[in-house]
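Asker: next one to model:
(one chain, ligands or ions: 1)
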Amino acid sequence: MEWEPEALKELEKVPEHIRSMAKMGIETSVGKRGKNIVTIGDVKEAQAQFRALLGKDEKTTKIAVVRCDIVSETCPGVACFKAFNKRKVHFEEYGRDAEIIGFFTCGGCPGRRVFRLVDSLLKHGVDVVHLSSCMLMERGYPKCPHIDEIKQMIIKKGVKVIEGTHH
Ligand code: SF4
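Answerer: Sure thing, here's the model as predicted:
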C-alpha cells in the first residue's frame, strides 16, 4: 500500500504508541475500497471515525461551490462533483464526513448573486466556499475578471475561500 506524502505527515500526528495500529487500520479500510494509495482524506476520515468512537465527534465540514454563470450554460458541474465525491484535487483534504450544501452560479458579472447567497449559506452553517475552476481558468473563455472582489467579499463574511475545484 502506497502513502501520499501529506497522508504520511498527517499520520505522524498520531501518538507513537498507537501509530502502527492506526496505519494498519487505515490501510485495511482503504484496501477494502479497492484503492492502493492512502490520501490525506483517508487519514482524516479515520481520525473522524476515531473521534466519533470516543464521543468527540467534530462538526461536519459544510462546503459550497460558486461557479461562473456564463460557463454554467454549457457545464452541468459534473467535474466539480466528481472531484468532491472522490476527494480529489482541491477537495483532497476533506474526510468522508464533509458535505456539499450549496452549488450555485454567481448570477452573472460582476457576481451580483454571491453576496446574497453566502448570507443564506451562513444560516446553514457553511464553513468554506470553493471558487470553481471555471472561474480561474483560461480555456475557451477568459478567467473571471471579478474573482478578487468575489473572493474578498466572501472572506469578509467570515467564510474560508478555496480557489478551485477539479483543476
Ligand atoms: S462574475 Fe466572473 S464568474 Fe461570474 S459570470 Fe462574470 S466572469 Fe463568470
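Asker: domain parsing of the chain, as residue ranges.
Answerer: 2-53, 62-163 (automatic domain parsing).
Asker: so for the worst-scoring helix or strand of the chain on mean pLDDT, what gets flagged as buried?
Answerer: Least confident helix or strand, the chain: helix 40-53 with a mean of 80, by mean pLDDT, DSSP states H and E. Neighbour counts using 16 or more other C-beta atoms under 10 Å place I40, G41, D42, V43, K44, E45, A46, Q47, A48, Q49 of helix 40-53 among the buried residues. In short, each C-beta sits where N, CA and C put it, glycine included.
Asker: re earlier: can you list the domains of the chain in a markdown table and add distance to the ligand?
Answerer: As requested, the domains of the chain are exported to a markdown table (distance: least, C-beta to the nearest ligand atom, whole Å):
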| stretch | distance to the ligand |
| --- | --- |
| domain 2-53 | 27 |
| domain 62-163 | 3 |
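Asker: circling back to that earlier point, now do the next helix or strand after the least confident helix or strand of the chain: distance to the chain's middle.
Answerer: Remark: after helix 40-53, the chain's next helix or strand is strand 62-67, criterion DSSP states H and E. Distance, stretch centre to chain centre, for strand 62-67: 9 Å (C-alpha atoms, centre = their mean, to the nearest Å).
Asker: fine by me, we can end here.
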